[in-house]
Each structure stands twice: as C-alpha cells, then as structure tokens.
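Chemist: Structural data only, the sequence is not supplied:
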C-alpha cells in the first residue's frame, strides 16, 4: 500500500478535530448585543481586508501563473501547482482568521465566568488555525504526490506549490504587518497620546482597525508564513533525493541500504510526509492536553500550554522513530530529525528567556528606563542583538548533527522535525491575538474591570507564546531556506552528489570566487533594505490613520461626548488600502532581485546571494523580534507596579521602547522570514531556466 | 635603485609637514589662564587614559608576543614584527592625540578672532594626526621591506606587523569608544537631565571626562583604526602575489608581462607602496589647499575641506597611473586601483547624504520626532538600514571591476586605492573632536556667546566630516578584511592561483559544504554579539559616572554654588578603569573565537566564518553609524529652529534618538571595523599553524 494514504487519513482527522473545535467555540455564548456589535465590526473589518487583499492577490497570482506558463521549459503542471499552493494558503488563512474573529467576543463572555473558561475558548479558537494549517499542508502535498509522483518532472513541479503558498504568505505577512502596526500606532498616538483617552476607547475611530490588525497580522500572516515553511521543508527534503530525474546514489546506499533504488527513493519521499503525519497526531493529542482545573494561577496556565507542546514533541520523536524503522531507513536518520525537533523547541525557550519579564534581560531594560528613553532603546537593542546567539548556535549544531547522520537529506529532515509539531505550536500562537481582541472588546463594551483583568492576564500569556512562536517561525524559516538553497543548487546542477552522499562541488561555487563573494555581499543587503521599507510603510499608514481620526473628531458632531458613533469602517479601509499599496515595492523587489542576480551575475552568484541574505536576514529578524518583544514586556513589568509603575518617568521611557519595537517585532522582523523563503523558493522554481546562466559579466 | 626608497623619502616628507603643522599650532596663542587651565585638565585626563591603556596593552602585547614566539612554525621574526606594529600604532595614536589635546584651547582662542582662524588651527591640528599616521605607516612597511624582503618567509612575517597595529587599534577603538560615550551620556544625564544645568557646565565633574573622551575615541581610536587598515591593505596586496614561497605565475604573465619573474614580484610588492606614496604627496597638497579667505559661509567652509579631499583624490589617480606605467605594469591595473579610490570617495558622499540635515533622510527623522520619540527611533533605524545600499553596491562594483582588470591582486589594489588618500581624509576627520573640545572649553571658560556660536559652527562641520570619515573607515575595513581573507585562504593553501590568475578551489571550500555553511552562520553571529557587549559596557560606564557626580555634589560643599571645584580627575579615572575592564571580554572573544573555529571546525569553516562576519558586520556597522549620525543631526536640525526648535516636544523626542544613537555610532559601529579586521589578520597570522587543521569534527 502506498503509505501516503496514512497522511491523507491523518490530514482528514486533523480537519475533523478542527471542525470539533469550531463547533465547541460556536456553541459558546455570544453575550449581550453590545459585545456582538463590536465583534461584528471587527469581523466585518477583518473580512473587508482579507477580501481586498485576496482580490489584489488574485491579479498577482494570475500574472505570475501566466508568466510561468509562458517561460519555456517549465510546463503547465508547474502553473497548476503554483495556483494550487496559493489557493491552499488563502484557504488556510481565511479559515483560521474567520475562526479567530468568531472567538474573540465569545472569549470575552467566557472570561466573565472565569480565567480558565476564557483560556479554553481562546485556545480552541487558535487551535482551529493550527490544525487547519497542518491539515491543508499535508493534504495538499498528498494530492500532488498522488497526482504526479510517477511523472519524471515531479520534483521540478512541486516547488511551484511552495511558491504559491509563499506568495500568499508574503502578502499576508507584509501587508498584514503594515496594517496591524499602522493601525496600532495610529490608534495609540491619536487616542492615548494626543486626546488623552484610554486604549480601546470606543470614541476612537481607529480602535476597530487596531483589533482587526491583530487578526490580519498575527493570525492570518503567521498561519500563511508557517504553512509555507511546513510544505516547503517537505518539498526540500523530497527534492534533495534526486538530481534531474536521477536518484541520488547515496539514497540507496546510505539512507535506505536494504531497499532497491526505486523503493528507496519512494521511502525517502515518504519519510518527511510520515514524520509530519506523526507530528499532526502528536499535536492533536497535545491540544487536548491543554486543560486546566478551575482556580489556577498564571504560571500554571503557562504550564498547561507547555504541557501541550512538550508532550507533542516527545510523541513526535516516537512517531518519527517508528516511521524510520518501518520504512527500513538507516536508524541514524532519527538523530537528524531529532536534532531539528529539539533545536526548534529550544529556540522557542531561548526567545522566552530574552523577552519575558520573568528573566533578567527584560528586567534590565525596565531598570534602564529609569535613566530615560535613550537608555531603554540602547539596552533593548543590546538585548536583541545578544539574543541572536542561542538560535544561531542551536541551528549550527542541528545542521552539523543532522548532516553527520544523514548528509544533506538529514539537514532537510531536521527542518521537517522542527516543523512537525506545528499543529500545537501554531495553536498556542494564534491564541494570543484572540485574547488581545477579547481585551479590546471588554473595554469597548464597558464590562466590569475584573473581566478586563482576566482578559489582560490572558493577553500577557499570549504575549509570551507569541514571542516564542515568532522565534520558532524564524528558526523554521532559516532551516527551510537552507534546505531550499541546497535543493536549488542541485536543481541548477551546480552541485551533484556522490554515492557516499558527499557533494561534488565545482570551483565556481567556491566561497572565494568573485561572483559568489559579490553575491553574498548583495544578498546581505536585501534584509536591511526590506526592513527599512516596511518600517517606513508603517509610518505612512500611521500618519494616514491619525489624520482620519482627527478628521472624524472634527467633522462628526457629538463624537467626543459619546452621543455619536465614529465611522470605524473608514479607518479599516484606509489601513487596507495603504498597507496593500505600501507592500508592493518590497514584494516586487523580493521576487525580481533574485531573478536578476541569477540572470546577470549567474547561478553561482545567486547561490551566494541566497546565503548572504540568510546570514543577515536571520540575525536581523531575531534581533528585531526579540528587541521588540523585550521592550513590550519591559513596559508591562513596569505597569505591573515596579520602578514606579504606570505614569512614572520610567514608564514613559518604556512606552517609547514599546512604540519603537512594535513595527520591528510585528512588521519588519516577521516579514524577513517570508523574504528569505520566497527568494529561495523562487530560485528553486526557476532552476530549469537559471541552469543556463553562469553569469553575463 | 630599489624604488622603496621613494616611500622612505615621502614618509620623511610627511613627517616634516606634520612637524611644520605642529609648530604652526604651538605658535598660536594659548589664551588666558582660564582656558589654559581647562585645556590642561583635558590634556591631563587624556594622557592619564592613554598611559593606563598603554600599560594594559603592554601586558597583552607581551603575552601574545610570548605565545607567538613559542608556537612552532612561526619564528622570532614574527614576534619582532608584531611588537613593531604595536609600537608603531601606539606611537601614532600618542602623537595624534597629544597634538589634538594642544589644539583645542588654541582653536578656542583663534575662534575669538574669527571663524576661519578657528578652522585653520583645528584643521592643522587634525592634519598632524593624518600625516603622522600615513608617515608611520609607510615608514614601518619600508623598514620591514628593507630588513627582510629577501627572506623566504617575508610574506609570512609581515602580517604580524598588521596584527600588532590591529591589537592596539582594538584597545583604542573599543576602550576609547566605551570611555567616550560612557562619559558623554553620564555627563549629559546627570547634568542636563537630572540637575538641569547646561552642557559643559564647569560644576559638572564629568565634563572634563566628556572632553577627554572625544580625544581618546575619535582621535586616538580613529587613527589607530585607519593606520591598521592602511598597513594591512598593503600587506594583503603583497601577500596575494606569492603562495608559500612560490611566485604566483600570473604575476609575471598577466600583471607585469614584460618583466622576468623575480623583477615582476618585486614590482608587485612595490606598486601598492608607491600608490600609497603618491597618495601621501597628494594628501599633503590637499591639506594645504584647505584655505579659505576671510568672511566665509558654512557651506563654503565645507567646500574648502572638500576641495582638499577632491584634489588629493585626482592627484592620487595621476600618481597611481604613473607608478603602474613606470613599473611596466599592465595598465589595466590602473582601473583596479581607480575603482577603489572612487568607491571610497563615493561611500563618504553617500554617508553624508544619509546623515546630514541638508538632505531628506535626516529631515524626515526630525519630522517624525513631532509624533514622538517612538517614531524618531523607527524612522532613524529605517534610515540606518536603508543607508546600507550605496556602500554595499559600491563595494560590489569595485570588487567586480578590480577583479576584472587585475584578478585578486586587483581587488587588493582597489583597497590600496581606497586608503591612499588617508592623509587628508583622516585630517578632516580628526579636526572634528578638536572643534568639539573647543566648544566645550568656550562654555567652561565662560567666553562671550559669539565665540561659542563660532565653535558650534565648527563643531557642526566636524559632525559632517566625522560621519563621512566613519563611512570611509567602514568601507576601508571591509575592503581590507576581504583582502586579508583572500590572503589567508592562499596562506593556508586552500586556494591556489593558476597561471591566468584564476583561482583553483577545492570542493571543501564550496559555499554549500557543511563546514563552510556552519562557519558562515557562526561568523554572522560575531558582530551582533560584539555590538551587544560594547553597548552594554557604555551603560555600565554611564552608571558609574552618574554615581560619582552625584557623590561629588553631595560631599563637596559649595560645588553647586560655584564656590568649590569638582574633582574632574576622579571621573576620568573611573571612565578609564571601567572602559579598560569592560573591553576585555569582547577583545578576548575577537582573538580567541577565530582561532577556535579554525582548530575545531577547520580552515574551510574559518574562511566561511570570516566571510559571514564580514557580511553582517558591514551591514551592522553602516546601519549603526548612519542611524546614529542621522539622529544626531536630526536633533541639530530642530535646534536650528525648525519644528518648534529647542525645548519643543519634537526636540525632546529627537534628544532620545541622539542619546540612543551615540553609543551606536561612536562605540559599537566603529568597534566592528576593528573586529572584522582583527579576526581576519589573526587568521592570516596563524595560517602556518592552521594549515594543519581541516576540521576535527
């Protein structure tokens, strides 16, 4: 029997569990009309954004699909796979966000009953996203496998599926990131700072846009980002086993020594899919383990989430071992997969250490704030740059271990291991914005303060899991990019594999050949440029929002007195339009520049370019995410009553850090993930064309 | 005749001109006792720091010298060259700083007579530094050449000279950087912010330390940094012409096609030295062209400085061409040199564009400040990251052009071209801190406000030249590192040169071999870690200063009333001790980590490590320098009366940006230059040992 059927069954089970969680959430009380109204406004805004974004996307997808169909040597299947990948990602984003938009009000109502009831609703809302993503991911890959795996061009075709998902992720992450922080900063500046009214005050026309932003950035964007990583790691692992249409000899001699060549390559394709399937089952079990009794403390809540992810990790290791064993694989491959699995979990933990106020780094930022905002910025930036060491060291170790036990296939398998528990890690991540929204609704609906306290507690927990999730997403993106770069190098024929799994490398690919050096230098330039553009875009969106809210206060009579209602929709609309407009240039650069480098400077320079971008992109992304997260929590530490508490000079300084960090951690940093992956997968996709370019100059 | 005698003569002429400038400055009026006193206090502080620093250095140098003497395969000549390099750099730093310390008070007095008189004294004070550095550089290299150029191990020995200079530069840049910004921030925070007294107020015990800091960081540190780049580029160019003791065949066939092998390699060694000699003559002429008539505007002052650097650039191109022509070199080599010369000049200009308030990027930061400090930080960081593109693109083009016309020797020659005008560029750079000091003395001596206005104008001009100089220093460091990495690769035998000047590269050095990838990733980690440590050190020093000033206000009766004088020396002392202590860990890491990578992961991984560090280091250094410079000038733009001027909310926000940017642009950013160079030159130095390590794991 073709073992990929197991993946189909697991994918269907995951969809079933997601449906069960949907039913659970939808059965919860929607609460009084006031909550329903606000929730409906956020939902409307979210759907408006996603519809407009998807319309723009449809055009871009159509254009690229036509280009792909016309480029000689690529073939129609690639076009179909590309569209399929894009549609899969759009579907996953839509489903996850739709659910998040229906969970926020219900979480609010549930929190009236108690902290734990609130946690349950919010977490299950988030779990829908996690399970939908892995279900769509594994089903999509299975469909492609069944349709075309006997086609000799199978491995040239499937990267197009990843590219489709990648393109959607770009829009979701970058557009969503610009939207969410533009709305957030605009709303805060015009409301809290300028008018002196509280956060989430219903008289502020931008509050709904702010709440919408949490969903489009953190739910939809994060989901699309990780769906992409999820499918592309599997694609990279598959692609590495054959070069052109020839099975790499070491697959039969080293990886699956007891199998014949035909069966061995099948097994090498099955293994990553089966590890993912095992991870999904483990994630489902993990999701159900996130249960707490009544009357629990915050630390225990965090413990409950951790119990979910930890048990999923252990179970995945067991399932992965079984998969290797039953496929007659070299058992050493287990260590390759395990290295990635553990590295992913530890990267999450290290992110937590550097960004949670339970630990020294963030508290030092709070303390520095007592000397002023300048010190807040310096110390936060120092924390961000310092926090790069654990993920870098962990990834370096994972690569060495994985390579030692499974050569380049092992490196790809490590990436698969890292992403295998995505179902549950993404659930803990998507939970955050739901809790954040619930807090916003609580204030707008003027519910009793103890409810806001509970939703604030849920939000704090969400901040921690969000930081951990971001660290994980970057680690996954880096491993994923590396796998894709290797796959690219093989696909354009600049490296080949010997029978022992060692690479045969041409002198043109040497680190010190001029095209490679120039490629590395130019690649290193992409992340900072991209980062500068997206941060500037947030500023543009913020200004647009501020002007609109001011206009409404001026033009709508009785707004400030609370007798008239602001036009929330217009702010959502402005954010949507500005975000989509602003994301165009960075997106086009991401797609065009690698192609130009490949054509003008040649395929060797392109390999250098991708590695250069990976080096600076990873460092920058980790720095921005962790500095941003640490600034946010340093402010929360002061708000919790330390160093003078809310309103003190230290607090004012910490607010500056938080404001500066927001677009770093929620726009620029996460966008870099996509940029790295998209550039790599586009190169892989165009390998059949780029194979002809050794450099024009 | 051995043409290196020309270099000796030019070196002596440069020393003579420096002596002429010394005499010119020392003949200027020292002014009233009040100015003499303050100037004496700064001088004493500066000398205290440099003496203590040199004592610590002496120990470190002795330890490393002993290690070098004991490592088998290196030999006593290497130890001697190392000590010689260290002593040369210490001498240059001492001479330059001593002169700066004697020019500050005299500039102040001269500024009483007029703006231009002030400029003349300050510029000539700075020119002493510039000319001393190039004189010592070229004389040192000439001495080594005459002593040992017939020794077969000559090329293995001379990198030790660069390493000695590099080590001193590390102490001067990192220690000086921590000192200067710790004192600056401490003085500002405790004085301006906490006590509400003006900048440079004599009641503040930290003001002298602040003034001392300008000298130890910007004069002594910058000089040592660039002396190192200066000698190392020549060393890299020489080293690239032979592999082991064998002349690279392409030197005779391609570079000097009409010469015999013996003569050709001599010519290849002479050429970089002669280009430097030409640059020195051009720089001297340039220095004398910095003359202005009376009653001139600021823009014309900047024009005067530019006339000096521009004419030096043109003259150097002419001299360089003549050198190639008379050495019977391939005339195509001119383009290699020219590419570097032009790239260096344009990098300076681009830095000016991104950091001067005459242009859009900095003004946008000022405008963003109107929305608050968070926006200041975001916009400044966006400007910093965006500003990476011109230097990166320029360096990429320079490398490609230089390589096209002169293979790898051409790349090294481009670096030589870039640094050849150092005499005059360093003069414009060292002028800045003298003007800054003069401003401080003016306030402390309570001179009439129009004098402070003039010294402020000189200071503003100095800020622009300082930013340009920093851009130039980073570009030079990057080109220099690259040359050293190539030299390292040849010295450890991982690349060899074919007769056509093409590299023969082993598969182990492929971009995609695992040790190289792991090396790149680990190398990429060094700059952010180094950056985090130095920025944190500034914070530690700042706190120490604040506590000391507070203590003095508490303990010394009558201090605030102006009837007692503070103990300035104690603040200098605290800064010195803290800076020297804080720089230890990052310095040791810089020296140890590349050695460990080379031994544990092997020479291939070490090559990747150096390239990875170069990629992120260059990006980070440019970002930090330019963001810092732009924040500084954005504040100055507001202080010039725009957006509400001094005291407005926009100004307060801009001050936050300036405070945060200071340690970035004056400590972390410039320190990265040294880190990149030191790691590369240490690898080159240890090549005879590392040649045996292909990786333990």
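Modeler: Perfect, I can see it now. Just so you know, these numbers come straight off a predicted model, no measurement behind them.

Chemist: Please make it C-alpha for all contacts and neighbour counts, starting now.
Modeler: Will do.

Chemist: Check the stretch 51-200 of chain A for the residue nearest chain B and tell me.
Modeler: Closest residue of the stretch 51-200 of chain A to chain B, Cα to the nearest Cα: residue A:189 (7.6 Å).

Chemist: Quick check, pLDDT for that residue.
Modeler: pLDDT recorded at residue A:189 is 82.

Chemist: Surely it touches residue A:546?
Modeler: Yes - in this structure residue A:189 lies within contact range of residue A:546 using Cα atoms under 8 Å: 7.5 Å.

Chemist: Where does the prediction get shaky in the stretch 101-250 of chain A?
Modeler: Scanning the stretch 101-250 of chain A for pLDDT under 70 picks out the ranges A:242-248.

Chemist: Please enumerate the strands of it.
Modeler: A:242-243, A:246-247 (DSSP state E, counting those that start in this stretch).

Chemist: now swap in chain A and tell me
Modeler: With strands called from DSSP state E, chain A shows them at A:242-243, A:246-247, A:496-497, A:503-504.

Chemist: pLDDT (mean, whole number) over the third one?
Modeler: Meaning strand A:496-497. 68.

Chemist: what's the answer for stretch A:558-565, then?
Modeler: 82.

Chemist: buried ones in it?
Modeler: A:559-560, A:565 (16 or more other Cα atoms under 10 Å in any protein chain shown).

Chemist: Let me know the closest of these to residue B:539.
Modeler: residue A:560 (44.2 Å; Cα to Cα).

Chemist: Just give the closest residue to that closest one, not the sequence neighbours.
Modeler: Of all residues not flanking residue A:560 in the chain, residue A:203 sits nearest, at 6.3 Å (Cα to Cα, 6 or more residues apart in numbering or on different chains).

Chemist: residues contacting the one you found?
Modeler: By Cα atoms under 8 Å, 6 or more residues apart in numbering or on different chains, residue A:203 lies in contact with A:559-560, A:562, A:565-566.

Chemist: Next: residue A:191.
Modeler: A:197-199, A:201, A:204.

Chemist: Any residues of the stretch 101-250 of chain A in contact with chain B? List them.
Modeler: residue A:189 (Cα under 8 Å from any Cα of the partner chain).

Chemist: Quick check: closest non-adjacent residue to residue A:558.
Modeler: residue A:564 is the one closest to residue A:558 (Cα to Cα, 6+ apart), at 5.1 Å.

Chemist: Is that neighbour in contact with residue A:555, as I believe?
Modeler: No - Residue A:564 lies out of contact with residue A:555 (Cα under 8 Å); the separation is 11.2 Å.

Chemist: Where does pLDDT dip in the stretch 401-550 of chain A?
Modeler: In the stretch 401-550 of chain A, residues with pLDDT under 70: A:497-503.

Chemist: Name the nearest residue to residue A:678, sequence neighbours excluded.
Modeler: Using Cα to Cα, 6+ apart, the closest residue to residue A:678 is residue A:166 (5.7 Å).

Chemist: what about residue A:263, neighbour count?
Modeler: For residue A:263, the count of nearby residues is 14 (other Cα atoms under 10 Å in any protein chain shown).

Chemist: pLDDT score assigned to it?
Modeler: On the pLDDT scale, residue A:263 is placed at 85.

Chemist: For it, give its distance to chain B.
Modeler: Distance check for residue A:263 against chain B: by Cα to the nearest Cα, to the nearest Å, it reads 28 Å.

Chemist: residues from the stretch 351-500 of chain A in reach of chain B?
Modeler: Within the stretch 351-500 of chain A, the positions near chain B by Cα under 8 Å from any Cα are A:371, A:373-375, A:377-379, A:381-386, A:388-389, A:392-393, A:396, A:399-400, A:403, A:486.

Chemist: Now list the buried members of the residues you listed.
Modeler: Applying 16+ other Cα under 10 Å to these flags A:371, A:373-375, A:377-379, A:381-386, A:388-389, A:392-393, A:396, A:399-400, A:403, A:486 as buried.

Chemist: and those, which of them are in helices?
Modeler: In helices, defined here by DSSP state H, the members of those are A:373-375, A:377-379, A:381-386, A:389, A:392-393, A:396, A:399-400, A:403, A:486.

Chemist: Which parts of the stretch 351-500 of chain A are helices?
Modeler: A:360-369, A:373-386, A:389-419, A:422-444, A:449-491 (DSSP state H, counting those that start in this stretch).

Chemist: Kindly reformat the ones you listed as TSV containing distance to residue A:693.
Modeler: Converted to TSV, those look like this (distance: least, Cα to Cα, whole Å):
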stretch	distance to residue A:693
helix A:360-369	48
helix A:373-386	38
helix A:389-419	25
helix A:422-444	38
helix A:449-491	13
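
Chemist: mind checking which of the ones you listed is nearest residue B:424?
Modeler: helix A:373-386 (33.5 Å).

Chemist: What angle do helix A:360-369 and the closest one make with each other?
Modeler: Note on geometry: by axes from the mean of the first three to the mean of the last three Cα atoms, to 10 degrees, helix A:373-386 and helix A:360-369 are set 160 degrees apart in direction.

Chemist: Give me the residues contacting helix A:373-386.
Modeler: By Cα under 8 Å, 6+ apart, the list of residues contacting helix A:373-386 from outside reads A:354, A:361-362, A:364-366, A:368-369, A:619, A:622-628, A:630-631, A:650, A:652-654, A:656-657, B:528-529, B:531-533, B:535-536, B:539, B:656-661, B:663.

Chemist: mind listing what residue A:48 touches?
Modeler: Residue A:48 touches residue A:573, counting by Cα under 8 Å, 6+ apart.

Chemist: State the distance from it to residue A:101.
Modeler: Using Cα to Cα, to the nearest Å, residue A:48 is found at 12 Å from residue A:101.

Chemist: just residue A:489 next, same as before
Modeler: 42 Å.

Chemist: Could you check which of those two has the larger neighbour count?
Modeler: Of the pair residue A:489 and residue A:101, residue A:101 is the one with more neighbours under other Cα under 10 Å, namely 29 against 26.

Chemist: surely that one meets residue A:42?
Modeler: Yes - Residue A:101 is within contact range of residue A:42, at 7.1 Å (criterion: Cα under 8 Å).

Chemist: Which stretches in the stretch 151-300 of chain A count as helices?
Modeler: Using DSSP H, counting those that start in this stretch, the helices of the stretch 151-300 of chain A run over A:154-157, A:159-170, A:176-188, A:207-213, A:222-239, A:249-250, A:261-289, A:298-326.

Chemist: now for these, which one comes closest to residue A:8?
Modeler: helix A:261-289 (8.7 Å).

Chemist: what angle sits between the closest one and helix A:389-419?
Modeler: Per the same axes, to 10 degrees, the angle that helix A:261-289 makes with helix A:389-419 is 110 degrees.

Chemist: Next, the angle from helix A:261-289 to helix A:222-239.
Modeler: Using the same axes, to 10 degrees, helix A:261-289 lies at 160 degrees relative to helix A:222-239.

Chemist: how about helix A:261-289: buried residues?
Modeler: A:261, A:264-287, A:289.

Chemist: Next, count neighbours for residue A:577.
Modeler: 17.

Chemist: Could you measure from it over to residue B:553?
Modeler: Counting by Cα to Cα, the gap from residue A:577 to residue B:553 is 57 Å.
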